[in-house]
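1. This is a predicted model, with the sequence first.
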Amino acid sequence: MKKLLAIALSAVMLVSLAGCGGAAAPAAAPAASGGAAPAAEAPKDVIKITYACTTADTNPQAIAAKWMAERLKELSDGRIEMTVFNNNKLGAFSDCFAQMQQPNGTVQMGDVSPASVTQFSEVFTPFSLPFLFSSKEQSYNYFDNAETIKKAEEQFLADTNVRVLGYYYNDARALTNSKRAVHTPADMAGLKLRVMTSDVYIKTFEALGSVPVGMQFSELFSALQQGAVDGQDNGLLNVIDSKFYEVQKYYTDLGHVQDTSVIFVSEAFYQSLPEDIQQIIVQAAKESVDYNRQLCDEKLGDYLKQLEETVEVTILTDEERAAFRDACQSVYDWYRETYPQYDIDAIIKDIENY
């Protein structure tokens with residue numbers, strides 16, 4: 001009996017040891033393969049970005065911004081999800097920009113012409129002066145490479161807490177109106193024209209004899225439709241993509257500004273990101289700039305043909321354009337007096353090297 005009892009106790013102990021040790025490994029296997037992943041493979045949080053811009057779906061700026069969103073997702077292996085709200089879906093860009101300035105703002109990125117944000121910083125005002133650049137290629141080269149631009153970006157960041165990532169092409173700005181064809185500065189007399197909320201733009205169109213009205217882009221189509229203003233200045237791309245030709249009769253390729261649309265990112269948001277994510281955002285923005293400019297080149301010729309079917313198009317001769325340039329010289333005199341902190345003569349000489 002004692003031997004039988006000893007054998008029974010030994011068997012119980014073996015079963016207990018098997019339950020505490022040997023069976024543990026198979027039990028853990030499903031957790032490793034089908035349950036929680038090992039710490040080294042833990043999924044990373046998705047970084048969500050809200051991006052605001054003013055242009056319509058078919059505009060190269062909106063297309064490039066959405067392309068950038070896909071590129072961000074690709075480069076980050078899905079860690080970045082950017083949603084582009086174009087066509088003023090988030091309202092006036094000035095309000096969106098104010099959100100970028102906040103530590104926890106609802107908008108993290110966006111793009112717009114720098115003249116639309118002069119109430120936040122004036123450092124880009126020299127580059128809105130009329131007839132400053134001779135071609136879009138010259139403006140590309142200057143904005144991408146000039147030390148003057150890099151210093152302006154640093155000052156803009158200090159002024160606004162918003163970082164510049166690159167420059168989309170916003171086309172050579174042109175003139176449309178509902179009253180008459182414009183061939184000379186005299187033809188602009190009395191025209192009530194919407195301009196961006198920028199002193200430089202207002203002074204430019206005053207010098208040309210018109211009546212400029214500062215207005216957000218989001219309000220423009222309805223203002224043209226209702227006759228609150230007679231016309232506006234925007235590039236051919238925006239004229240077509242925003243369907244201004246539906247409420248305008250005349251187009252003049254004035255070309256007074258080779259305009260850019262600056263890509264912005266909230267500095268507070270940017271600094272909250274890991275360094276690798278920062279680098280991805282910088283890279284995707286740069287690549288999207290190249291894509292935007294390529295799209296502009298592809299669209300401009302076809303867009304002019306399309307516009308000629310709906311409105312009267314005036315292509316200025318060199319002599320006619322020179323008359324507009326001469327009429328704007330007073331704007332430079334005003335700028336030198338009003339903004340002595342920016343050496344516009346040095347900037348003009350600098351641009352000639354690009």
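-> The structure has been received and is ready for your questions. Numbers count the residues shown, from 1 in each chain.
2. what separates the longest helix seen in the chain from the chain centre, distance-wise?
-> The longest helix of the chain (DSSP state H) is helix 275-308. Distance, stretch centre to chain centre, for helix 275-308: 10 Å (Cα atoms, centre = their mean, to the nearest Å).
3. Stretch 322-335 too?
-> For stretch 322-335, the distance to the chain centre is 29 Å (Cα atoms, centre = their mean).
4. For that stretch, could you pull out the residues that count as buried?
-> 324, 327-328, 331-332, 334-335 (16 or more other Cβ atoms under 10 Å). (Glycine included, C-beta is placed from N, CA and C.)
5. how about V107, what does it touch?
-> For V107, the contact set (Cβ atoms under 8 Å, 6 or more residues apart in numbering) comprises 50-52, 90, 96-97, 99-100, 266.
6. Centroid-nearest residue for the chain?
-> D111 (1.8 Å; Cα atoms, centre = their mean).
7. secondary structure class for that one?
-> strand (DSSP: H, G, I helix; E, B strand; the rest coil).
8. can you pull the contacts of the closest residue in space to K179 that isn't next to it in sequence?
-> The shortest distance from K179 to any non-neighbouring residue, by Cβ to Cβ, 6 or more residues apart in numbering, is to D230 (5.3 Å). By Cβ under 8 Å, 6+ apart, the residues touching D230 are 177-179, 191-193.
9. If we use 6 Å, what do you get?
-> Listed by Cβ atoms under 6 Å, 6 or more residues apart in numbering, the contact partners of D230 are 177-179, 191-192.
10. Any chance of TSV for these, columns pLDDT?
-> Output for the contacts of D230, formatted as TSV (pLDDT from 0 to 100):
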residue	pLDDT
N177	98
S178	98
K179	98
L191	98
K192	98
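11. okay if I get those residues as JSON lines plus secondary structure?
-> JSON lines is the format used below for the contacts of D230 (three-state DSSP):
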{"residue": "N177", "secondary structure": "strand"}
{"residue": "S178", "secondary structure": "coil"}
{"residue": "K179", "secondary structure": "coil"}
{"residue": "L191", "secondary structure": "coil"}
{"residue": "K192", "secondary structure": "strand"}
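12. who touches Q258 in this structure?
-> 133, 136, 139, 172.
13. Okay, and the third one sits in which element?
-> Looking back up the chat, that one is S139. In this assignment (DSSP states H and E), S139 forms part of helix 136-145.
14. Where do the helices of the chain begin and end?
-> Secondary structure of the chain, counting by DSSP H: helices at 2-17, 24-34, 60-75, 93-100, 136-145, 147-160, 199-207, 220-226, 236-241, 267-271, 275-308, 318-327, 329-338, 344-351.
15. Single out the most deeply packed of those.
-> helix 236-241 (a mean of 24; mean count of other Cβ atoms under 10 Å).
16. chain center to that helix, what's the gap?
-> The answer for helix 236-241 is 16 Å, by Cα atoms, centre = their mean.
17. helices or strands next to that helix in the packing?
-> The contact analysis (3 or more Cβ pairs under 6 Å, 6 or more residues apart in numbering; DSSP states H and E) places helix 236-241 against no helix or strand.
18. what's next to it, contact-wise?
-> Helix 236-241 has contacts (Cβ under 6 Å, 6+ apart) with 56, 58-59, 171, 176, 303.
19. For the longest strand along the chain, name the packing helices and strands.
-> Assignment by DSSP state E gives strand 162-172 as the longest strand of the chain. Counting contacts by 3+ Cβ pairs under 6 Å, 6+ apart, strand 162-172 packs against strand 258-266, helix 275-308.
20. Minimum distance to V84: which of these has it?
-> Set against V84 and scored by Cβ to Cβ, the helices and strands packed on strand 162-172 come closest in helix 275-308, at 10.8 Å.
21. between that closest one and strand 162-172, how big is the angle?
-> Between helix 275-308 and strand 162-172, the angle comes out at 20 degrees (axes from the mean of the first three to the mean of the last three Cα atoms, to 10 degrees).
22. how much space is there between G227 and S178?
-> When distance is defined by Cβ to Cβ, to the nearest Å, G227 is 8 Å away from S178.
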